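**Q** Fold the following.
(chains A and B)
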Amino acid sequence: MKDMMPNFNLVQPSDVESAANILAEAGENGWAMAGGQDSLDWFKDRIKRPTTVVDLSGIEALTGIREMADGGVEIGAMTTLTDVENNAVIKEKFGLLASAEARVASPQIRNKGTLGGNISQDARCWYYRSGIDCYRAGGTTCYADTPEGMNREHCLFGASRCVAVSPSDTAIALTSLDASMVIQNSSGETVVAAADYFIGPAIDIENMTILKPGDILTAIRIPATWAGADFYFEKIADRNTWDFALVNIATAMKMNGNIIEDIRITCGAVECVPKRLNVVEDIVRGSERNEDTANLGAGAAARGAVPLNYNHFKIPLMENLVRKALRG
Amino acid sequence: MQKKFSSDRFDPLSTVRDALSRRHFIKGVIAAGTVAGAAGLVTGCSDSSDSSGGAAGSVERLITVNVNGKARPVDVMPNETLAHTLRNKLGLTGTKIGCDRGSCGACTVMIDGVTNNSCSVLTHTLRGANVITVEGVGGANGELHPIQQAMIEELAPQCGFCTPGQVVSGVSLLQRNPNPTREEVRYALAGNLCRCGAYNNYVDAIVKAAGSA
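**A** Next up is the predicted model:
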């Protein structure tokens, strides 16, 4: 029977400052809980054993979607995925994010899970998830990157001892939309670009984001830059519900007639961070949007990929997704 | 039928009890255990009052949760999920626990009108919220919800374990969209696994009920 979680102190602050102070005091023993859709699984499996859990759901300032003066939007980190998906402004200007939200997990999880939690969730490598002392858990071995390791879901790029991938569907949409993240802790507020928010194992093998104990992601800002652009989102997973992506893609394209004036392409589940395909962007920018351009772009999509034993299939999958995105 | 359904509405705190049944007896034992503060024996966990309930800064354990339109006072541990509270403390065993990991939907309930996996929600986060379980979707006198009636007619439940979750997902859908397309029904039920594979029957039932709900 593993149906009860070990005990913890549950604290329910109503403002960000007190939450940050409690978390700063608790340090490594603290846990900031957003929707709890992943947190509770960690606790039930007894792999993460925080003594102080800070429930952020009572902090009103963390929810809601606000339009900003420059035409962008600021989304409170605790806004549920369903609320973001159904928001009229998001649908109208940033449909890419709405399409990504619609493919996360299941309806029940989207109703409770938050945007901030979705982009900040931990690696889904099952060796790590089962509590094994791998590199990411502070050990000295990677169990996935071995001749016998089951690594069908693991990375093609950027391996550095750990071969886990970025699991989030919304993270790639936010990266393509050039979003930035607002982080608050007991010493103040900082804003970082999506490209700096997500970090790979070469920088910090135990964390997938720059959030440190005591930090709270308070909001996600999307600038007006890509509002109303031509968007393409697709997620390939074993099942259409629940499963994490084998490869997913989020593209924002500004068209001038049939010419691709500017483009941002991001793929997920191929690297520990959302992977911007800068090479493909450079190849297709300024070209006509047609089959030839799509083929050229697709050919460069997986350049530099280092597949593991069981994930070679991700290379043609990535190429085909880029081809489909560029065709439109 | 009528009698069976009304027994699902059994309230362990009520002094008025109808015919004694095995189900009532078990629920009575569970409720008595909780009241006596010996929940640890029944639920497989130790009593936590000393280690956390009284700790500075942590939540107050005795709270009131609004379930099916009734204010229910209940002693809730900080680490307790809604599914656990409903089944083991409030006697509402219609909500099933399948995977206990948010991956099957058997424990689906409505919280403020939207579906949630009750295994993945801490009860303490629900003060002030309205919880509707499968026991609360029917009429006041035990009439079946049109979705439940349609599920019987369409032979949707086989083993029946996922049925309460399917019912709640369906009711929530019809509340926000009274005339859904078949595709919309499929999308709304996507978070409810059925190991018997009766998906088409469930979708048929909700499409059928949509006309009369």
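
**Q** switch to C-alpha atoms for all contacts and neighbour counts from now on
**A** OK.

**Q** Quick one: neighbours of residue 193, just the number.
**A** If you meant another chain, say so; for now it's chain A. By other CA atoms under 10 Å in any protein chain shown, 16 other residues sit near A:Ala193.

**Q** Chain B, not that one
**A** When neighbours are counted by other CA under 10 Å, B:Leu193 registers 21.

**Q** these two touch, right, B:Cys107 and B:Asn117?
**A** Yes: if you go by CA atoms under 8 Å, B:Cys107 and B:Asn117 touch, sitting 5.5 Å apart.

**Q** Not counting its own residues, what contacts stretch B:197-213?
**A** For stretch B:197-213, the external contacting residues (CA atoms under 8 Å, 6 or more residues apart in numbering or on different chains) are B:145-147, B:150-151, B:153-158, B:166, B:170, B:174, B:178-182, B:185-186, B:189.

**Q** Of these, which ones also sit close to chain A?
**A** Counting by CA under 8 Å from any CA of the partner chain, B:Leu189 from those sit close to chain A.

**Q** Now, of the contacts of stretch B:197-213, which are buried?
**A** Among the contacts of stretch B:197-213, those classed as buried by 16 or more other CA atoms under 10 Å in any protein chain shown are B:145-147, B:150-151, B:154, B:156-157, B:166, B:170, B:174, B:178-180, B:185-186, B:189.

**Q** For B:Asn130, give me its contacts.
**A** By CA under 8 Å, 6+ apart, the contact list for B:Asn130 reads B:65-69, B:110-113.

**Q** what's near enough to touch residue 94?
**A** In the absence of a named chain, this looks at chain A. By CA under 8 Å, 6+ apart, the neighbours of A:Phe94 are A:177, A:226-229.

**Q** Hmm, no, I was thinking of chain B.
**A** Counting by CA under 8 Å, 6+ apart, B:Gly94 makes contact with B:8, B:87, B:133-135, B:164.

**Q** rewinding a little: wait, which of the contacts of B:Asn130 is closest to A:Ala32?
**A** Of all the contacts of B:Asn130, A:Ala32 sits closest to B:Ile111, with 22.0 Å by CA to CA.

**Q** Ignoring the adjacent residues along the chain, who's closest to that closest one?
**A** The shortest distance from B:Ile111 to any non-neighbouring residue, by CA to CA, 6 or more residues apart in numbering or on different chains, is to B:Val131 (4.6 Å).

**Q** What strands line up against the helix or strand where that neighbour lies, and which way round?
**A** Element membership of B:Val131, judged by DSSP states H and E, is strand B:130-132. If you go by DSSP bridges, strand B:130-132 pairs up with strand B:62-67 (parallel), strand B:108-111 (antiparallel).

**Q** ranking the ones you listed by burial, who's on top?
**A** Stretch with highest mean neighbour count among the strands paired with strand B:130-132: strand B:108-111 (a mean of 28; mean count of other CA atoms under 10 Å in any protein chain shown).

**Q** Put the alpha carbons of the very next helix or strand once past that one into CSV.
**A** As assigned by DSSP H and E, the chain's next helix or strand after strand B:108-111 is strand B:114-117. What follows is strand B:114-117 as a C-alpha-only set of coordinates in CSV (Å, rounded to 0.1, in the frame of the first residue of the first chain):
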residue,chain,number,x,y,z
VAL,B,114,-14.7,21.5,-13.5
THR,B,115,-13.5,17.9,-13.4
ASN,B,116,-10.5,17.0,-11.2
ASN,B,117,-8.8,13.8,-10.2
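
**Q** so what strands line up beside strand B:114-117?
**A** Strand B:114-117 pairs in its sheet with strand B:108-111 (antiparallel), by DSSP bridges.

**Q** ok, and what's touching the partner strand?
**A** Applying CA under 8 Å, 6+ apart, the set of residues contacting strand B:108-111 from outside is A:108, B:95, B:115-118, B:129-134, B:164-166, B:168-169, B:172.

**Q** are any of those residues buried, and which?
**A** The neighbour-count test (16+ other CA under 10 Å) marks A:108, B:95, B:115-118, B:130-134, B:164-166, B:168-169, B:172 as buried among those.

**Q** Which residues of the stretch 201-328 of chain A lie near chain B?
**A** A:241-242.

**Q** residues near A:Gly138, how many?
**A** Using other CA under 10 Å, the number of residues around A:Gly138 comes to 11.

**Q** Spit out the contact partners of it.
**A** Here A:Gly138 is in contact with A:Glu206 (CA under 8 Å, 6+ apart).

**Q** can you check B:Met151 too?
**A** By CA under 8 Å, 6+ apart, the residues touching B:Met151 are B:157, B:201-202, B:205-206.

**Q** Ramachandran angles for it?
**A** phi -70, psi -40 (degrees, to the nearest 10).

**Q** right, and the secondary structure at the residue in the stretch 201-328 of chain A that chain B sits nearest to would be what?
**A** Using CA to the nearest CA, A:Thr241 is the residue of the stretch 201-328 of chain A that sits closest to chain B, at 6.4 Å. For A:Thr241, the secondary structure call by DSSP: H, G, I helix; E, B strand; the rest coil comes out as coil.

**Q** and it, how many neighbours?
**A** For A:Thr241, using other CA under 10 Å, the count is 18.

**Q** Verify the stated contact: it with B:Ala190.
**A** Yes: between A:Thr241 and B:Ala190 there is a contact under CA under 8 Å: 6.4 Å.

**Q** anything in contact with each of those two?
**A** In contact with both A:Thr241 and B:Ala190: A:Ser106, using CA under 8 Å, 6+ apart.

**Q** what stretches of the chain score poorly on pLDDT?
**A** Defaulting to chain A. Filtered on pLDDT under 70, chain A yields the residue ranges A:1-3.

**Q** right idea, wrong chain: chain B
**A** In chain B, residues with pLDDT under 70: B:1-57, B:213.

**Q** and the closest residue to A:Asn29 other than its chain neighbours, how far is that from chain B?
**A** Using CA to CA, 6+ apart and skipping the chain neighbours, the partner closest in space to A:Asn29 is A:Pro50 (4.8 Å). From A:Pro50 across to chain B, the span is 11 Å (CA to the nearest CA, to the nearest Å).
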